[in-house]
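Engineer: sequence first, predicted coordinates after that:
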Amino acid sequence: MGYLLEVHDVSKKFGDFTALNKVSIAVPKGSVFGLLGPNGAGKTTLIRIINQITMPDQGGVILDSEALQPKHIKDIGYLPEERGLYKSMKVGEQALYLAQLKGLSKQEAKKRLKYWFERLEIGDWWNKKIQELSKGMAQKIQFVVTVLHEPKLLIFDEPFSGFDPINANIIKDEIIRLKNNGATVIFSTHRMESVEELCDHIALIHQSNKILDGKLIDIKKAFKTNTFEIGINPFQENGFENELISRFKTSKANYKSIGDELKYNVKLSDSDSANDLLNFLMTKGDVCHFVEQVPSANDIFIQSVKSN
Amino acid sequence: MNHLPLIIKREYITKVKNKSFIVMTILSPVIMIALVAVVAYLSQINNNAKREVSVLDDSGLIQSVLENTDNITYSFLSNMSLEEAKTLVEEQENYGLLYIDNSTDVDTLANHIKFYSVDSPSLTFIGSLEDKLGNYLTDLKLERLNVNIEQIRASRVRVDIAQESFVGEKTSKTDSIVKLVFGGAAGYLLFMFIIIYGNMIMRSVIEEKTSRIIEVIISSVKPVQLMLGKIIGTSLAGITQFIVWIILGGILMLIVSSVFGIDLMQSQLTQQELINQSTNTGVIAFEVQQVLVAFSNLPILNLILAFIFFFIGGYLLYSSLYAAIGAAVDNETDTQQFMLPILMPLILAVYIGIFTVIEDPHGMVSTLFSHIPFTSPVVMLMRIPFGVPIWEQLLSLGILIGTFVFTVWVAAKIYRVGILMYGKKPSYKELIKWIKY
């Protein structure tokens, strides 16, 4: 599987401020690529460079094996974080205008808009002005406008902000559907649960530098600490805890449960395996909870950012 | 991909369909005409006020001079002292009392005419009274000196210096006035156009920023294209508005003058008759002819071409700056600090046009400012009717176009950076930094 988008050693300075410092990412075709990072890390600058809104000082961008150039505008759909529509323009006119700017003919744009408006059940908004719609409604139109020209690469910056859970789900399903139809998605957000849910790959940018990237699964494997969360009802309470602590590196755990078992986090040393721990526990009591602690995207994010 | 026509179309259509734009387009000429009509009407009422003036003429010489007019009636008092007359006139609430002392010597008489009134009388009234009495007493004095008045009148000579340039072009005073009106109108039109529609461009850029659509748009089009599209689209809307104003204003003028204008025309006619009576009709015909000659003397083709080029050049120069300001700020209140440097050269240009070009259209100051790009459109347009060599016009236009390209470049830089900047009011220092990005 090849890469749809490759960013090579891109640097960008604004005056004395370095927004990006030799950042490289590679987005595989057909993937959902999470672009993560704290506020002000340089994500938006990178996205703007991919959209040819700003030019990089150094480095290059390759889209579908070609150096990025103005004709690629029609291959990219971009939903910026700072988004809006002309308030006093009618929904239909506006969507047509924006679609035509992306290179669609008027007839084609009209046909596709009809399809999308019916699909999202917003057909009767055609003649309304944006200022008459709620924020969520306007967001839906914005989403349609972003994907209408069926671009190869979709870039969503915080796509779910402003949506209620039901509409957020509709949009999420649409994103997955677009991906299954062959689109590649770059997804920038601070909501880690949607990263878990959607992203195959992630890259983490912090203070203008890329500090982490790869497949989400591989990153999780790299970040796991061999820690297990256990729950046990020991046969003999006396001495159990001391025995456990002397045998393994242990700390108190806290997870939600309906019983009153004892809860611990156990970090295994390199010489121990999960089975060793389980065997030990089974001789001491009834095990009712045994889970490997896989780091969440949230943990990885916080840990990476703090350690840098 | 060239989206310029699409952007121009959108800008034009949204502007023209905008409610306040439509209202302004229709209402402005109505309001203007109504204002003119009201002012004309009010001043007419004022002129029609009846004034009763009492006259106490102890000399007995004046009575024949003061004839009643539509607005002023004179009543002549006799057989009473000045004090009695004053009390009487005050009681009658007349406009005032004209008192002429008794004297046989004309000069003494002239120095002892007094007007008593409650409030100080109107200037025009006193003026016309002074004229009448002065003329009469002059005649009287001449008569007493045994001079034939008819002869003096007949021997009055009117001088009209014929002006001609060394190459044989005939000019006249009327010529200069016609030129001045032409140039002034062109320069002033440009000035108004820049201020009104420059502001409109600025607001439209700010609107795109505040509605946050800008990032969506410029992921599809180049900022320079967007800026030019805005400028051209808004200008077309402006031209449309101007044309509607001219047509509507013309029609309204016709209507108003046909409804109210009858007595206006009449009063003009009577004035005309008065002039006809007092002066030679041939003179008026001559003057009309002179105006016509002056028109035909104007370099019409040159004027039209120069108007088109300087107008477009000057307008684009300024509107690109307006667009840059719009991009640099978040809302309209923040624009103040940047407006002054734009307005200064414009106002300067108009003042130079009015005060310097009239006096000396080819002097150092006029020539200089008709080449400085920020003032040249206005000043040059005012100068051209007086005849400016083609090479000078081309030079000025060349400088203007060069500067225009430069300002568009600078404005585009500011625009490109500015439209994505939110939340802070930029200083000049920052703007310069943006240009360097």
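Structural biologist: Looks like it arrived, so ask away. Fair warning: this is a prediction, and the values are worked out from it, not measured in the lab.

Engineer: need the helix or strand of chain B with the lowest average pLDDT.
Structural biologist: Lowest mean confidence among the helices and strands of chain B (mean pLDDT, DSSP states H and E): helix B:261-278, at a mean of 47.

Engineer: how about B:W434: what's its closest non-neighbour residue?
Structural biologist: B:V417 (4.1 Å; CB to CB, 6 or more residues apart in numbering or on different chains). C-beta: built from backbone N, CA, C; applies to glycine.

Engineer: ok but that neighbour is inside a helix, no?
Structural biologist: Yes. According to DSSP: H, G, I helix; E, B strand; the rest coil, B:V417 belongs to a helix.

Engineer: any idea of the mean pLDDT for the longest helix along chain A?
Structural biologist: In chain A, assigned by DSSP state H, the helix with the most residues is helix A:165-180. Mean pLDDT, helix A:165-180: 91.

Engineer: packing partners for it?
Structural biologist: helix A:135-147, strand A:153-157, strand A:184-188, helix A:192-198 (3 or more CB pairs under 8 Å, 6 or more residues apart in numbering or on different chains; DSSP states H and E).

Engineer: still on that earlier bit, what's the burial count for the residue nearest to B:W434?
Structural biologist: If you count neighbours by other CB atoms under 10 Å in any protein chain shown, B:V417 ends up with 22.

Engineer: what residues are up against the residue of the stretch 101-250 of chain A found nearest chain B?
Structural biologist: The stretch 101-250 of chain A approaches chain B most closely through A:L101 (4.0 Å), counting by CB to the nearest CB. Shown in contact with A:L101 (CB atoms under 8 Å, 6 or more residues apart in numbering or on different chains): B:3, B:6-7, B:217, B:220-221.

Engineer: now it, nearest residue through space, not along the chain?
Structural biologist: Nearest non-adjacent residue to A:L101, counting by CB to CB, 6+ apart: B:S220, 4.0 Å away.

Engineer: give the contact list for the one you found.
Structural biologist: Here B:S220 is in contact with A:73, A:98, A:101-102, B:3 (criterion: CB under 8 Å, 6+ apart).

Engineer: tell me the one of those residues nearest A:L79?
Structural biologist: Distance to A:L79 across those (CB to CB) is lowest for A:L98, with 11.7 Å.

Engineer: next structured bit after the helix or strand where that closest one lies?
Structural biologist: Element membership for A:L98 (DSSP states H and E) is helix A:91-101. Proceeding C-terminally, helix A:91-101 gives way to helix A:106-119 as the next helix or strand, assigned by DSSP H and E.

Engineer: got the CA positions of that next one in PDB?
Structural biologist: The C-alpha coordinates for helix A:106-119 follow below in PDB (Å, rounded to 0.1, in the frame of the first residue of the first chain):
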ATOM      1  CA  LYS A 106     -22.600  24.000 -12.000                       C
ATOM      2  CA  GLN A 107     -24.800  21.100 -13.200                       C
ATOM      3  CA  GLU A 108     -22.600  18.400 -11.600                       C
ATOM      4  CA  ALA A 109     -22.500  20.400  -8.300                       C
ATOM      5  CA  LYS A 110     -26.200  20.700  -8.300                       C
ATOM      6  CA  LYS A 111     -26.800  17.000  -8.900                       C
ATOM      7  CA  ARG A 112     -24.400  16.000  -6.100                       C
ATOM      8  CA  LEU A 113     -25.800  18.600  -3.700                       C
ATOM      9  CA  LYS A 114     -29.300  17.200  -4.200                       C
ATOM     10  CA  TYR A 115     -27.900  13.700  -3.400                       C
ATOM     11  CA  TRP A 116     -26.100  14.800  -0.300                       C
ATOM     12  CA  PHE A 117     -28.900  17.000   1.000                       C
ATOM     13  CA  GLU A 118     -31.300  14.100   0.700                       C
ATOM     14  CA  ARG A 119     -28.800  11.800   2.300                       C
END
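
Engineer: what residues are up against whichever residue of chain B sits closest to chain A?
Structural biologist: Nearest residue of chain B to chain A: B:R212, at 3.4 Å (CB to the nearest CB). Counting by CB under 8 Å, 6+ apart, B:R212 touches A:82-84.

Engineer: wasn't it part of a helix?
Structural biologist: No. Using three-state DSSP, the assignment for B:R212 is coil, not a helix.

Engineer: grab the nearest non-local neighbour of it.
Structural biologist: Spatial nearest neighbour of B:R212, chain neighbours left out: A:G84 (3.4 Å); criterion: CB to CB, 6+ apart.

Engineer: how many neighbours does the one you found have?
Structural biologist: Applying other CB under 10 Å, we find 20 residues neighbouring A:G84.

Engineer: and A:E193, by the same measure?
Structural biologist: Residues lying near A:E193 (other CB under 10 Å) number 11.

Engineer: list the contacts for it?
Structural biologist: The contact partners of A:E193, taken as CB under 8 Å, 6+ apart, are A:N298.

Engineer: what's the nearest residue to residue 75 if we skip its chain neighbours?
Structural biologist: Because you didn't say which chain, this covers chain A. With sequence-adjacent residues excluded and distances taken as CB to CB, 6+ apart, A:D75 is closest to A:K152, at 4.7 Å.

Engineer: was after chain B, sorry
Structural biologist: If the residues on either side of it in the chain are set aside, B:S75 comes closest to B:S54, at 5.2 Å by CB to CB, 6+ apart.

Engineer: report pLDDT for B:Y12.
Structural biologist: As predicted, B:Y12 sits at a pLDDT of 93.

Engineer: does it sit in a helix or strand, and which one?
Structural biologist: Counting by DSSP H and E, B:Y12 is part of helix B:4-17.

Engineer: about what we covered before: can you count the residues close to the residue nearest to A:D75?
Structural biologist: For A:K152, the count of nearby residues is 18 (other CB under 10 Å).
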